[in-house]
Every structure is written in C-alpha cells, then in structure tokens.
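> my questions are about this predicted structure, shown below with the sequence.
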Amino acid sequence: MSKKIKEEYTHSDTGVSGQYKTWFLDYASYVILERAVPAIEDGLKPVQRRILHAMKEMDDGRFNKVANIIGQSMQYHPHGDASIGDALVNLGQKDILVETQGNWGDVRTGDDAAAARYIEARLSKFALEVAFNAKTTNWQLSYDGRKNEPVTLPMKFPLLLAQGAEGIAVGLATKILPHNFCELIEASIKYLRGKKFELLPDFQTGGTMDASNYNEGKRGGKIRVRSDIEEQDKKTLVIRNVPYGVTTTQLMESIVKANDQGKIKIKKVTDHTAAAVEIIIELAPGISPDITIDALYAFTDCEVSISPNACVIVNKKPVFLGVPELLRVSADNTKELLRKELEIRLAELLEKWHYTSLEKIFFEEKIYKELEKKHETWDKVIEAIDKAFLPFKKQLKREITREDILKLTEKPVRRIYRLDIDELNAQIKNLETEIKAVKHDIANLVDYAVSYYENLLKKYGKGRERKTEIKQFDVIQAKSVAIANIKLYANFADGFIGTGLKKDELITEVSELDDIIAFTKAGIMKVIKVSDKTFIGKDLIHVAVFQKNDERTTYNMIYLDGKTAFSYAKRFNVTGITRDKEYDLTKSGDKSKVHYFSTNPNGEAEVVKIILSPNCSAKKKELEFYFEELEIKGRSSIGNQVTKYPIKSVKFKEAGRSTLDAKKLWFDGKFGRLNTEEKGEYLGKFEAEDRILVIYNDGNYEIVDQELTQRFDNEKILLLEKYDADKTVTAVYLDNEKLQFNIKRFKIETTTLHSKFFFIKEGKDNRLETVTTDESPILHVRSGRGAQVNKAKFKVANMVEVMGWKAVGAKLTDYSKSVEMEWERKVEDTNGQTELF
C-alpha cells in the first residue's frame, strides 16, 4: 500500500480510525435510544412498543400463543426471539397492559415462565382503551421499510410510573420504580385541578417501605424496603412477603449465609410459598425473636435499599426528571391527546352533519329529479345539481364539493322512494346535540380529562389498591443485634487480647462487629476491634465489650501518680473514643500504676478499705474511702487526692448504691420501641429491677424487662406502662356471644417475664375494648347517634370489686357499634406534674 493511499485510508471517515471515532458514539446513542431507556410520551422501550403494536394487529378478542406474538413482533423488532419473549413476559407479569393465560412465572419466587409455545396472551381491555388510537398515532417505517410502526403509542395514562422501568445503557442507567395504579390516577386529577400531590412507589410483592429519602425518584434518592416478619411463637418466625427485586430463593440464601457467618442463629429455614409467600424460620434455643427480626433486617435481604434514577428519552435525548415532573408530563400529554380525539370527532360529526343536511335537501327539495332530465353530459348533470343547491348553501357549514354531489348521485333509487325525511331531521338533531357536547368538552378540556381519569379509576381501579405499606423505619444498630458467638480470650499478664488465644482465660462471647475496651495496670485504656490477637499492654486489669455512648457504666479507680507519689481516686464514664488510640487515665503516665479498679453497670459506688505502707509516717495506717463522695467526670480528669502516703493495698469492703438517677424510659409508638432519647410517650424512671406491663387488644397481658431491642406492635397495644404490682387493672371487654360489654378489676398475680396471659372470657371475636390502671377509674360511655345520644359516667371502683385475673367479670352495658368509651385519666410528665384528661 502506497504512503498516499495509506494516509487517505487512515484519515478518511470511512477508514479504520475514522470509524473508531464514530462507531462508539453511534453504538452508545443506539443503546440509549433504541434499547435501554423508555420514551417519556408512552413510557415504553422500543421492544415493548413493537410487541404491543403487533398484539393490536393480531387482536380479535381471543388469546394468542406467545410464540405467534413473538413472530409477529419480529416484523418490527430487528433482534432475536429471546429478547422479544423476555420483554413480553415482563409486560405480562406487570399485569397492566397484557392479559395472560398459562404459567407466566412468578416474580416473588423467581420461577421462569413456561416456553412460548405453551403460554398465551392478549391485550387487556385497559390497554385497548388507553394505548391505541390510529388517528392520533404518529407513524414511521419499520426497520426493513415494509410496514408502518408507531413512533410512540398515544398513551393516555402514566404507564411509565405504573409499571416502572429499568435499563443499563452506555454511560447511563435508568431505574424508575413502579407506583400505585389508583394513586397515579388520583394524582393526575389533582394536578389537572391545580392541587398538590405526592407519589411514592408501590410494589406487587407488598412489604413495608421507608420512602423518607425518596427524593421524588431522582438521582441521589433512596428507599428501604422490608419483608413483613411475624413472630408465630417464641421459637418461630414467618416471613410473609419479599422486598421488591428479591426472590424467595435469594432471600433464603441470604439468611443461610448470615447464619453461617454467625450474624444470626437459626435452626432451620423452610420455604412454604404457594399462593402467598411463607418462609418459616425456626430459631435456635435461647435466641430472642425480637433481636433475630432486627438481625434479619440488618444482615439479610429481608431489608434492601433501592436507589431510583429516573431517566427518560425526551426529543431523542436522555433527560433526568423527577416523578412529579413525569406525572405532569403524562397528564398534559393525556389532555392533549384527548383534545386531538375530540377535534377529530368534531370534524367527523361536522362532516356527517354536512352530508346528512345535503341528503335531506337533495330529496326534500326534489333536486334528485335533475338526474331524470336529459343533459348532454354527466358533467352537465353535476353542474345542474350544484346550481339547484344554490338557494340552500347558506344553511350549510361549508362549501359543496364535486365529491359531495357524486356521493349523492350514488344513492340507490329504491332509497329515494323510501326516504323518510323525518328520520333525516332526527339524525341532524342528534348530530347537532353531539356537536354541541363535543364543543363543550373542548372548551372545558380539564373537566373532560378529569372525567376521563375518574372513569378509568371506576372501571379498572378495583383490586389495584396499595400493596406496600409506607412507614418510617427505625435505625437498627448492627452491633446490637449481631449474635455473640465468637469466644474472646485474654492473657492478662502479657497483655494480649484475641479470639485465637484459646489457651488463655475466656472473657466472654462477642460478635465480629463488637469493640473491646481494655485497661492496664499502668492506667492505659484502649478500645480495639475484635481480632485474632492484639497487644494492649502488660498487666491487664479489665477487658469487656465496649458500648458507645454508655452514660451509665461507671469506672471507679484509685491510682498512684508516678510523678508526685500521691494517690488519687476518680469516677468516670467512657462514651466516645478513637479506636486503637491509647488513653492515659492517670495524672502523669510515667511510673503511674492503678491500685484499685471496678466496673459498675449502673453507677454503683462501693466502699473500699485502704491499707497504707507500714513504713510510712502516717499515724493511721488504715482508712475507708467512699466512692459516692466523688462526682462522675470525664476519663481525662485527675480525680481527688486520697493520700500522700504510699499505699500497700486497696480492698473492696462493701457494695454501695447507685449514685445515678433512675433511668428514664420512653415508648415510641411509631417504631414500637423503648428508648432513652425522649422519643414518644414518657413511661417513668426505672431502677434496674423494674419491669414493664403490656396489655394487648386481644385480651392478653405480658410483663417484660427494659431491654431496648424489644419490638412492640403498637396497633395491638392498649396499655404499656411501668409495672406496679400494687396497681389494680380495670378492663372492659366485648363478650361477643352475649353481645355485651363486661368489666372486671384484678391485680397481676403472675411474675413470669415475656409470657402472655389471657385474662378475658374465651370466645370467638371477643376483644379487649379499653383498660386502665388508675386507682379510682372513671369511665365515660357514649352510645347512639344524632338526637338519640346517651351518655353515662361510671365510678368503677364503687361498682366492681377486685377479682382474680381469670374471672369473667360483670356486665357493664349492651353491645352496640355506636358505643364509645373513654377514661378520665391522669398523666404524669417527666417533672412529676400531673394533668387531667
């Protein structure tokens, strides 16, 4: 090859280099526009649009084999049958535009659809109503130029938001989540009416969703979706659905993996899914169901995060838009399509009115007799008829054309003799009524569009109610729910800590997420991650699991300051630290050492006996030290001087009381959690031995501890408060068999923790109506409606005696749906003040 030819080949657009310059851009544009990203007009990718168009061509009301639909679609889609089949199955599983018959797989289990030759499909009635109108469709030639296909379908519904979309192109991706059918229609109506609206995703698989960070479906947003997990009993959990995008197989695999990694502890997991999802988890002995539920959300696919990224094709370019903007575009597009349909209908009605009026004049004024006259040519006949219409042209809405006259002359003779002028007048009157109505709809297009949406909701909205519950999730700290199944050892003399020191002293069992806090004789503190072996410092004196922000665990310490030889005492908390950093707890680190060290989980302050060196000059060689006299300060505080004389030993003498105020607890009904962060309803001050009473609407009560990892279903709870054994419970429940409300008063006689006790009369549909533990309860009862309202006030303590907790109780009043009950109650706030309600 000559140098000149080589240069021309290299630098020309058709040469190798020139082709490389354009091919990638062409390929990227093709993938974005023709495969991965849906169009904003109809919410469809090209393959989906071509499938629906092919199905419309085949539509005769009956089901067609999917294999036939694929073959028909290949006339428009220049790709293999597999891609068309997969796209069609995906459309069918959405259950919006395509009605299916046969085994179409299951998005919950991940089961594939049967072969295309075995399954059938047809367009749904909804699709035929909202997606097709040849008169308002823009057409283009198919890839081979043989047929016409739609540029976009005239979609009169926000399909893109209803079925969602997902695709990966070159350099960008789109992920639009599905939304609720009914809510989309309602939002469209609100937008057309100028009202505000909000849209959040809804999934076929159900579950629960936290969409507080949805960000209108734009980039940067995130939602969290959870399975619904029920506690069947203390040993069994049941998963009732799967998160969006997760199959039952994937979910079970993630549970088994978490169990193998020691993050959860279960005995067995079994899939019983049939018509509904049902995955049974059997717990290992001694494992808390509440902690396991949290751990399932933290470590398995029972909870997943989904990041939306709404990208659509607008004017042949990818554009990132939010869900509200997509809804607004859809509603405006629908309104414009409805306007076009009305204008087309109006033109058709006007044309029909024009011809019917011509026909009426033609026969009523006997203009047809011009056909019986002898004219030289056929054109002369046409001219004569046209001239005969001259006196009547003002009655018409447009000029009379030659085509109009030719059409009149083609009327059969028998029609002329049987013509009923009254029938033509009736037709014209009906047409004028229709024209008036269409013109009214065009003039009031918003009302017409709203009516259109309302009709869609009425016809197709049943059975399409929201499936995914919207609620805010609590933040699950992985550390607090991870199973502690790794043994931690320590070599106190040499100063090593780790899981691999199996010949040394066992400290406790930990999880791989835990932090470990350690103290040495030299007064050094360090917090480390769980590892195989870590050196802290010689002569360890305390090793434990570190709880961040723990303000109740208090460390009491007496140490010798190496610089002054004085001894100091201090009390401190460790709430926050930098991992792997050494902290010196003494005044001056050099030659300092710890005489005494204790850990107190609830701020206890003991009494110790200090024995001074027998060689010192102090007159009194023994003294007692009371830690309760010290304030709790930070870890860097020096502390108070105990003695300037050398100390021989410090020994524990007697336990002391906690110097901390009782722990204040709140119940956050939104998440069903106890907390110390002042969220929700204040329960009171709790000492370590205090318990909580929970009474449920099904007639059970339960006494539980203060563990913050517990989960409560607030919808089933009528009463949750600090347990007082001296308090009397007053309960009103429905005896459904006798159709009456019974009342009883009793004291809690059981002491077993975390066990439910049924205290109302057993019977079908019996339920607890209301309950209180007030000392002198007063119950207000209201029944009836309108002018027939009856009110009563009961001082319950004077009318009902205290019975055993299993007693049936006494009749209070007859049952009625209109009965309302409310206690007069006193509530104590955090400052001890009471309010009357």
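Received it, and whenever you're ready, just let me know what you need.

> is the most centrally placed residue in the chain in a bridge, and if so with what?
When Cα atoms, centre = their mean is applied to the chain, the residue found nearest the centroid is Met209 (1.1 Å). Counting by DSSP bridges, Met209 forms beta bridges with Val225, Ile470.

> what does the strand or helix carrying Phe652 contact?
Assigned by DSSP states H and E, Phe652 belongs to strand 647-654. Here strand 647-654 makes contact (Cβ atoms under 8 Å, 6 or more residues apart in numbering) with 558, 560, 567, 595-596, 598, 606-614, 624-625. The way it works is simple: take the backbone N, C-alpha and C, and place the C-beta from them, glycine included.

> which among the residues you listed end up buried?
Ile558, Leu560, Ser567, His595, Tyr596, Ser598, Glu606, Val608, Ile610, Leu612, Phe625 (16 or more other Cβ atoms under 10 Å).

> thought Pro289 was touching Leu237?
Yes: if you go by Cβ atoms under 8 Å, Pro289 and Leu237 touch, sitting 6.1 Å apart.

> need the residues touching each of those two.
Glu231, Leu283.

> got the end-to-end distance for stretch 307-316?
Using Cα to Cα, to the nearest Å, the end-to-end distance of stretch 307-316 comes out at 25 Å.

> flag every buried residue along it.
So for stretch 307-316, counting by 16+ other Cβ under 10 Å, buried means Pro308, Asn309, Ala310, Cys311, Val312, Ile313.

> three-state assignment of Arg464?
coil (DSSP: H, G, I helix; E, B strand; the rest coil).

> excluding residues flanking it in the chain, which one is nearest it?
Nearest residue to Arg464, sequence neighbours excluded (Cβ to Cβ, 6 or more residues apart in numbering): Phe181, at 4.0 Å.

> can you tell me what sits against the helix or strand harbouring Ala437?
Following DSSP H and E, the helix or strand that holds Ala437 is helix 421-443. Contact partners of helix 421-443, identified using Cβ under 8 Å, 6+ apart, comprise 339, 342-343, 345-346, 349-350, 352-353, 356-357, 359-360, 363-364, 447-448.

> tell me the helix or strand right after it.
helix 445-460.

> what's in contact with that following helix?
125-126, 129-130, 156-157, 181-182, 185-186, 188-189, 192-193, 331, 334-335, 338-339, 342, 441-442.

> if we can go back for a sec, pLDDT of the strand holding Phe652, averaged?
Averaged across strand 647-654, the pLDDT comes to 93.

> so for the helix or strand just after it, what gets flagged as buried?
Remark: after strand 647-654, the chain's next helix or strand is strand 663-668, criterion DSSP H and E. Across strand 663-668, burial judged by 16+ other Cβ under 10 Å covers Lys663, Leu665, Trp666, Phe667, Asp668.

> next up, the contacts around the second one.
When contacts are counted by Cβ under 8 Å, 6+ apart, Leu665 is found next to Leu674, Asn675, Thr676, Tyr682, Leu683, Gly684, Phe686, Ile692, Gln706, Lys722.

> can you list these in JSON lines and add distance to Ile405, pLDDT and secondary structure?
Compiled in JSON lines, those are given as follows (distance: Cβ to Cβ, whole Å; pLDDT from 0 to 100; DSSP: H, G, I helix; E, B strand; the rest coil):
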{"residue": "Leu674", "distance to Ile405": "90", "pLDDT": "91", "secondary structure": "strand"}
{"residue": "Asn675", "distance to Ile405": "88", "pLDDT": "90", "secondary structure": "strand"}
{"residue": "Thr676", "distance to Ile405": "93", "pLDDT": "88", "secondary structure": "coil"}
{"residue": "Tyr682", "distance to Ile405": "91", "pLDDT": "93", "secondary structure": "strand"}
{"residue": "Leu683", "distance to Ile405": "93", "pLDDT": "93", "secondary structure": "strand"}
{"residue": "Gly684", "distance to Ile405": "97", "pLDDT": "92", "secondary structure": "strand"}
{"residue": "Phe686", "distance to Ile405": "99", "pLDDT": "90", "secondary structure": "strand"}
{"residue": "Ile692", "distance to Ile405": "94", "pLDDT": "94", "secondary structure": "strand"}
{"residue": "Gln706", "distance to Ile405": "97", "pLDDT": "90", "secondary structure": "coil"}
{"residue": "Lys722", "distance to Ile405": "97", "pLDDT": "94", "secondary structure": "strand"}
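
> okay, now the unreliable bits of the stretch 351-500 of the chain?
365, 368, 372, 375, 411-420 (pLDDT under 70).

> now do the lengthiest helix in the chain against helix 445-460, angle only.
Assignment by DSSP state H gives helix 323-364 as the longest helix of the chain. Relative orientation of helix 323-364 versus helix 445-460 (axes from the mean of the first three to the mean of the last three Cα atoms, to 10 degrees): 100 degrees.

> the helix or strand following helix 323-364 packs against which elements?
As assigned by DSSP H and E, the chain's next helix or strand after helix 323-364 is helix 378-388. With contacts defined as 3 or more Cβ pairs under 8 Å, 6 or more residues apart in numbering; DSSP states H and E, helix 378-388 has these neighbours: helix 402-409.

> which residues are contacting the helix it packs on?
Contacting residues not belonging to helix 402-409 are listed as His354, Tyr355, Leu358, Glu359, Phe362, Tyr368, Leu371, Val381, Ile382, Ile385, Asp386 [Cβ under 8 Å, 6+ apart].

> can you show me the strands along the stretch 51-200 of the chain?
Counting by DSSP state E, counting those that start in this stretch, the segments of the stretch 51-200 of the chain that form strands are 64-65, 98-101, 120-123, 138-141, 148-152, 165-168, 173-176.

> in the longest one, what's buried?
When you say that, I think you mean strand 148-152. Neighbour-count burial for strand 148-152 [16+ other Cβ under 10 Å]: Glu149, Pro150, Thr152.

> isn't the first one right up against Tyr76?
Put plainly, it is Glu149. Yes: counting by Cβ under 8 Å, Tyr76 is a contact partner of Glu149 at 4.8 Å.

> between these two, which contacts overlap?
Arg50, His53, Ser142.

> got the contact list for the last one?
Ser142 makes contact with Gln75, Tyr76, Asn148, Glu149 under the criterion Cβ under 8 Å, 6+ apart.
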